[in-house]
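> Coordinates only, no sequence provided:
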């Protein structure tokens, strides 16, 4: 067998497991691993400016394409603790990423050595496995197990901590005979699917709820096929957005307290049966559970056994990978249709479409300062059906999910449960690295943008072009709106008089100069009629210069975005659309 360092063995295993790109920052305790990458070749390394940023780049890379596993690398101590937010975000959304950290020598782990922290214990609650490898000969098996765990059952992240002397030690390892371990996924049975379909057939107004597990399982086509065979409308969750095209006749709209459509909530309230696949009944989707569940029968399909019944007890639960379940659902439903057993759903489906044709929010505002609704209207016009949107949290993300359109899986990439500020920019870099030929558009409020703005330099250095739309109201807008309940507006204003940019009129940070100083292109917009041409120009600039292009739109200071505590009690703060002229990019809108 070949003799090599444990670090070299780890690098070779990454390549055998299909890894081609890694994101990270070198440091003293991880330098042997970097030497192994340099000598072994075959891995494209993107140098981040912050290790948290590298972890989010790995997330974006994984989320962009089925089968991808993003890898983040850092040195000992603070590099590992910087990764914790990325591990939290990944585990919350069932995203497999591999974080690799350097560590002090084994003999010094208990001596409070420089940057020696027990990162495995810190990361354990947020990973499927977190381990400090103490024996060099265990490195190959540990990496093999890591990939097995990340892909099996409910996907999720792993952290492997490598003391520097373990990396440097020589071991016997035969690269040519290495094989990935088989992936384990629980599978639905025919009897379970038969029972679920019996319950669906007994209903009059059924819905399918399609969650992020359908995207993780690469099963969106099967979901659409099942909906079309049965004629049952589909409600995608925020994490499942794109599993059925927004303009599909059976797309019933999103449901929830914030990232929802008026017609989606209205349809959910009319339903009497819900089959949830690969979803977790997140509280921002369900809201008040009594309202959400009243008068409805529920079937829940999820790959993780402990997820079934976690939020509320379904009437029937199935533990299964979403793809395996949907393959059976399609097969059995097709048999029943051919036997004439499936009820006709035309009337119910048409009532859902009627709500979708009429229950719009207004977007066509032409006032200055710009209202954010107009930004999303112009984004719909400019970017079309093939765009990949990336966003994380805040009023910008909430309102975008209400007003933008998504047509394909993995074309809305969002940190759903964790929602860490700053996530959007590095995640977009990861998405654009995974799919360099697509149009990637990130969306941030000014605060999210400022959190990890230094990562723009990564896009400039490594020629990773994408468009970053920044809607700037110089406020922590979502927190300011939440503070209305407390009758205050406290510690949420980001505005100040910038002595270097008086033209900003008190909006504070000059994002254009910041972006340009980091090697990118940037455009500022203050008039609604300028939004469309600015977005078009940004697209052309990404191709000309191959760098990120920032489009900052200066908004009105205060906008309250539609939301509430229950899906039957959403507060609409703006006037609603009275016709297609008020919402010209709404689906099924007829402009008059």
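Sure thing, it's come through. It should be emphasised that the depicted structure is a prediction, and the values quoted were computed from it without experimental measurement.
> Would you agree residue 469 is in contact with residue 553?
Yes. With contact defined as C-beta atoms under 8 Å, residue 469 counts as touching residue 553 (7.0 Å). Heads up, the C-betas are built off the backbone N, CA and C, glycines and all.
> Quickly list what's touching both of those two.
Counting by C-beta atoms under 8 Å, 6 or more residues apart in numbering, the residues touching both residue 469 and residue 553 are residue 375.
> Same drill for the two, tell me which one is more crowded.
Higher neighbour count among residue 469 and residue 553: residue 469, with 28 against 25, using other C-beta atoms under 10 Å.
> What residues are recorded as beta-bridge partners of the more buried one?
Beta-bridge pairing for residue 469 (DSSP bridges): residue 443, residue 551.
> Could I get the contacting residues of it?
Contacts of residue 469 (C-beta under 8 Å, 6+ apart): 375, 379, 441-444, 535, 551, 553.
> Residue 13: which of the residues you listed is nearest?
residue 442 (32.4 Å; C-beta to C-beta).
> hang on, that closest one packs against residue 468?
Yes. Applying C-beta under 8 Å as the test, residue 442 and residue 468 come out as touching, 4.4 Å apart.
> Now list whatever residues contact both of the two.
424-425, 428.
> Next step: these restricted to helices.
Taking DSSP state H, the ones among the shared contacts of residue 442 and residue 468 that sit in helices are 424-425, 428.
> Could you dump those into TSV and include distance to residue 292, neighbour count and pLDDT?
Putting these into TSV (distance: C-beta to C-beta, whole Å; neighbours: other C-beta atoms under 10 Å; pLDDT from 0 to 100) gives the following:
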residue	distance to residue 292	neighbour count	pLDDT
424	29	33	97
425	34	31	98
428	33	31	98
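> If we only consider these, which is nearest to residue 66?
In terms of C-beta to C-beta, no member of those lies closer to residue 66 than residue 428, at 18.9 Å.
> roughly how far out does the helix or strand bottoming out on mean pLDDT in the chain sit from the chain middle?
Counting by mean pLDDT, DSSP states H and E, the chain has its least confident helix or strand at helix 477-482, which shows a mean of 86. Relative to its parent chain, helix 477-482 has a centroid offset of 22 Å by C-alpha atoms, centre = their mean, to the nearest Å.
> helices and strands around that helix, which ones?
Contact here means 3 or more C-beta pairs under 8 Å, 6 or more residues apart in numbering; DSSP states H and E; on that basis helix 477-482 packs against helix 395-403.
> shaky segments in this structure?
The chain contains residues with pLDDT under 70 at 1, 589-592.
> In it, where's the longest helix?
The chain, longest helix under DSSP H: helix 322-338.
> Of all the residues in that helix, which ones are buried?
Using 16 or more other C-beta atoms under 10 Å as the test for burial, helix 322-338 gives 322-330, 332-333, 336.
> Could you do stretch 369-388 as well?
For stretch 369-388, by 16+ other C-beta under 10 Å, it's 369-380, 382-383, 387-388.
> distance between that stretch and the chain's centre?
19 Å.
> Likewise for stretch 279-297?
The answer for stretch 279-297 is 21 Å, by C-alpha atoms, centre = their mean.
> And for stretch 62-75?
That offset, for stretch 62-75, works out to 13 Å (C-alpha atoms, centre = their mean).
> and what of stretch 502-509?
Here stretch 502-509 is found 32 Å from its chain centre; the criterion is C-alpha atoms, centre = their mean.
> about what we covered before: tell me which other helices or strands the following helix or strand past the least confident helix or strand of the chain touches.
Downstream of helix 477-482, the first helix or strand assigned by DSSP states H and E is helix 511-517. Judged by 3+ C-beta pairs under 8 Å, 6+ apart, the packing partners of helix 511-517 are strand 521-525, strand 549-554.
> Residue 352 is nearest to which of those?
strand 549-554 (33.4 Å).
> buried residues in the closest one?
Buried, per 16+ other C-beta under 10 Å, within strand 549-554: 549-554.
> Taking strand 521-525 as reference, get the angle to that strand.
Strand 549-554 and strand 521-525 meet at an angle of 20 degrees, taking axes from the mean of the first three to the mean of the last three C-alpha atoms, to 10 degrees as the criterion.
> same for strand 549-554, what does it pack against?
By 3+ C-beta pairs under 8 Å, 6+ apart, strand 549-554 packs against strand 467-472, helix 511-517, strand 521-525, helix 531-545.
> strands paired with the shortest one, and their directions?
If you go by DSSP bridges, strand 521-525 pairs up with strand 549-554 (parallel).
> what's residue 153 in contact with, if anything?
Each residue near residue 153 by C-beta under 8 Å, 6+ apart is listed here: 184-186, 303-304.
> Is there a quick PyMOL command that grabs whichever of the residues you listed are buried?
PyMOL command restricting the contacts of residue 153 to the buried ones, with burial defined by 16+ other C-beta under 10 Å:
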select buried, resi 185+186+303+304
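> Near residue 513, how many residues? Count them for me, please.
When neighbours are counted by other C-beta under 10 Å, residue 513 comes out with 13.
> I misspoke; the intended subject was residue 349.
Counted with other C-beta under 10 Å, residue 349 comes out at 18.
> OK, contacts around residue 442?
389-391, 424-425, 427-428, 466-469.
> One more: residue 109?
By C-beta under 8 Å, 6+ apart, residue 109 lies in contact with 103, 116, 118, 132, 163.
> Now, those residues that are in strands?
Members of those lying in strands (criterion: DSSP state E): 103, 132, 163.
> ends of stretch 216-235, how far apart?
17 Å (C-alpha to C-alpha, to the nearest Å).
> Which residues belonging to it are considered buried?
If you call a residue buried by 16+ other C-beta under 10 Å, then stretch 216-235 has these buried ones: 216-217, 219-220, 222-235.
> taking those residues one by one, which sit in strands?
Counting by DSSP E, the buried residues of stretch 216-235 contribute 234-235 to strands.
> Sort out for me which of the buried residues of stretch 216-235 are in helices.
Filtering those for helices - DSSP H - leaves 216, 220, 222-230.
> need those in TSV with distance to residue 544, can you?
Formatted as TSV, those follow (distance: C-beta to C-beta, whole Å):
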residue	distance to residue 544
216	36
220	34
222	40
223	39
224	37
225	41
226	44
227	42
228	42
229	47
230	48
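> for those, which one is nearest residue 516?
Among those, and counting by C-beta to C-beta, the member closest to residue 516 is residue 216, at 38.0 Å.
> can you tell me which residues contact that closest one?
Counting by C-beta under 8 Å, 6+ apart, residue 216 touches 94-95, 155, 278, 322.
> Adding distance to residue 416 as columns, could you present the residues you listed in TSV?
Output for the contacts of residue 216, formatted as TSV (distance: C-beta to C-beta, whole Å):
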residue	distance to residue 416
94	10
95	10
155	14
278	13
322	16
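> And the furthest pair within those?
Largest pairwise distance in these, by C-beta to C-beta, is 14.9 Å, between 95 and 322.
> Counting neighbours, what do you get for the closest residue to residue 181 other than its chain neighbours?
Ranked by C-beta to C-beta, 6 or more residues apart in numbering and with sequence neighbours excluded, the top spatial neighbour of residue 181 is residue 148, at 3.9 Å. When neighbours are counted by other C-beta under 10 Å, residue 148 registers 18.
> Checking my notes, residue 148 in a helix, right?
Yes. Residue 148 sits within a helix when classified using DSSP: H, G, I helix; E, B strand; the rest coil.
> check contacts around it.
If you count contacts by C-beta under 8 Å, 6+ apart, then residue 148 has 180-184 around it.
> Let me have those residues in TSV, adding secondary structure and distance to residue 249 as columns.
Shown next, in TSV, are the contacts of residue 148 (DSSP: H, G, I helix; E, B strand; the rest coil; distance: C-beta to C-beta, whole Å):
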residue	secondary structure	distance to residue 249
180	coil	41
181	coil	43
182	coil	40
183	coil	35
184	coil	37
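> Let's have those residues in CSV, adding distance to residue 60.
Shown next, in CSV, are the contacts of residue 148 (distance: C-beta to C-beta, whole Å):
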residue, distance to residue 60
180, 23
181, 26
182, 28
183, 23
184, 26
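> hang on, the earlier thing: can you pick out the most distant pair from the buried residues of strand 549-554?
Taking C-beta to C-beta, no two of the buried residues of strand 549-554 sit farther apart than 549 and 554, at 17.1 Å.
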